[in-house]
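Structural data only, the sequence is not supplied:
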């Protein structure tokens with residue numbers, strides 16, 4: 001059985017935001033950063049949650065992440081803008097960029113924001129889902145430090161460059177959300193399986209010698225493998241071009257050369273918002289989502305639509321408390337974020 005303890009979501013957000021404020025982050029940025037970071041644990045995706053806080057605090061202290069970034073719109077053309085995020089905290093920067101896309105979609109039907117000089121955003125789900133909760137289809141992707149072996153490589157060559165797509169659901173606060181890395185399993189998921197003593201599947205990764213392995217520790221030292229072979233590899237490369245190349249930024253290898261910690265300064269991210277009301281009446285669209293849900297539930301029992309498991313977990317954990325593995329809570333306690341006893 002997993003060794004976990006629970007903490008109320010808002011209390012966890014408070015602890016995280018206080019730690020960020022103490023590190024020099026502005027109050028409003030720290031609060032949003034904490035909300036999104038803790039939300040991953042709330043929805044039971046601990047790979048992208050508060051376990052990422054201690055490395056972020058270290059990066060802030062060392063100046064690798066800018067505690068007081070100067071956000072600047074560098075170019076604009078109609079529905080499109082380029083936002084330089086000055087390597088500030090990645091979650092706040094990413095939500096700022098997605099909101100910029102949403103604002104443009106309100107006027108043009110579609111909005112696109114390409115964000116330069118960003119740091120790790122945690123979980124792509126957060127930004128696509130918030131767009132969908134406002135009635136837009138949200139799409140986002142990023143490039144990242146190399147973690148994935150592609151096209152016969154025996155070592156990490158490119159980031160697993162995740163993609164998230166969210167559409168408004170039947171319930172406004174529970175959109176459909178697809179959030180996927182281009183690797184068979186995200187690096188954070190491999191780390192979660194290591195922490196929980198689980199054995200990865202045979203196609204998840206390679207060891208440092210380039211041999212297939214089901215040892216989570218060896219995969220973390222080696223490389224993850226692309227989902228669908230050449231398909232996942234091809235998508236990762238295309239997202240690299242749609243982010244770093246389009247932004248005139250650095251590719252995965254350049255991120256690694258600047259910072260090998262995984263905080264990913266100088267990464268580039270693309271945010272797209274589609275205004276549903278520009279295509280169809282929102283109520284009619286929700287009715288179509290309900291129609292597809294009913295069909296799939298009948299034809300593919302048991303059926304769970306993308307994102308459903310997380311929303312159900314979130315509703316439960318808002319009542320019962322956010323589950324934290326004791327290894328993670330111990331790391332936060334050692335960093336001075338949490339008290340010695342929850």
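Sure thing, it's come through. These numbers were taken from a predicted model, which means no experiment stands behind them.

if you skip the residues just before and after it, what's nearest to the residue nearest to the spatial centre of the chain?
Nearest to the mean C-alpha position of the chain, counting by CA atoms, centre = their mean, stands residue 123 at 1.6 Å. Spatial nearest neighbour of residue 123, chain neighbours left out: residue 48 (3.9 Å); criterion: CB to CB, 6 or more residues apart in numbering. Placement of C-beta: from N, CA and C, glycine included.

Contacts only, for that neighbour.
40, 122-123, 186, 188 (CB atoms under 8 Å, 6 or more residues apart in numbering).

go with 6 Å
Residues near residue 48 by CB atoms under 6 Å, 6 or more residues apart in numbering: 40, 122-123, 188.

again with residue 147
Counting by CB under 6 Å, 6+ apart, residue 147 touches 156, 160, 187, 224.

Looking at these, state which has the most neighbours.
residue 160 (31 neighbours; other CB atoms under 10 Å).

quick check, nearest of the contacts of residue 48 to residue 250?
Of all the contacts of residue 48, residue 250 sits closest to residue 122, with 20.3 Å by CB to CB.

tell me the SS of that closest one?
coil (DSSP: H, G, I helix; E, B strand; the rest coil).

What of residue 273?
In terms of secondary structure, residue 273 is strand; the call rests on three-state DSSP.

can you tell me which residues contact it?
Counting by CB under 6 Å, 6+ apart, residue 273 touches 101-102, 105, 111, 131, 136, 138.

show me where the stretch 201-342 of the chain has helices.
216-221, 230-240, 246-247, 252-258, 282-299, 308-320, 326-334 (DSSP state H, counting those that start in this stretch).

quick one, which of the ones you listed is nearest to residue 275?
Smallest distance to residue 275 across those (CB to CB): 9.6 Å, for helix 282-299.

in the least confident helix or strand in the chain by mean pLDDT, what's buried?
Lowest on mean pLDDT, DSSP states H and E among the helices and strands of the chain sits helix 187-195, with a mean of 91. Applying a neighbour-count criterion of 16 or more other CB atoms under 10 Å, one finds 187-195 buried in helix 187-195.

Quick check: the farthest pair among the residues you listed?
Spatially, the most separated pair among these is 187 and 195, at 12.9 Å (CB to CB).
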